[in-house]
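[1] Predicted model and sequence follow; I will ask about them next.
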Amino acid sequence: MGELIYTLCMLTSLACTWLLFASYRRTRYRLLFWSSLCFAVMTFNNLFLIFDKIVFPNVDFMPLRVISALTACVLLLYGLIYEKE
């Protein structure tokens, strides 16, 4: 059951990335760009979770998961603070 949930989470964040980036290409609002980058990195975070729990259970992907989660938060925080409309 966990495999299904992890995969659905990854696909959901990938869909959010695609929708946000498509909206950014139409409107050119910079906050949409930073949000799409954040969700793209979250997609990799979910991929590392799948690798960690399902594909390679003996390999520890926790450092990559933490770094990718921190990177996603920093990207979104940067976009929220420094981008002006």
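    Right, received. Where do you want to start? Numbers count the residues shown, from 1 in each chain.
[2] Identify the residue nearest the geometric centre of the chain.
    Met42 (1.6 Å; C-alpha atoms, centre = their mean).
[3] show me what contacts it?
    Counting by C-beta atoms under 8 Å, 6 or more residues apart in numbering, Met42 makes contact with 13, 17, 68-69, 72. Using the backbone N, CA and C atoms, a C-beta is placed for each residue, glycine as well.
[4] how close does Ala72 get to Ser35?
    As judged by C-beta to C-beta, to the nearest Å, Ala72 and Ser35 stand 10 Å apart.
[5] likewise Thr71?
    From Thr71 to Ser35 the distance is 14 Å (C-beta to C-beta).
[6] more neighbours, the two?
    Ser35 (22 against 16; other C-beta atoms under 10 Å).
[7] Is it correct that that one is in contact with Leu77?
    No: in this structure, Ser35 is not within contact of Leu77 by C-beta atoms under 8 Å, at 11.3 Å.
[8] Pull out the buried positions in the longest helix along the chain.
    Counting residues, the longest helix found in the chain (DSSP state H) is helix 2-27. Within helix 2-27, the residues that qualify as buried by neighbour count (16 or more other C-beta atoms under 10 Å) are 6, 9-10, 13-14, 16-17, 20-21, 24.
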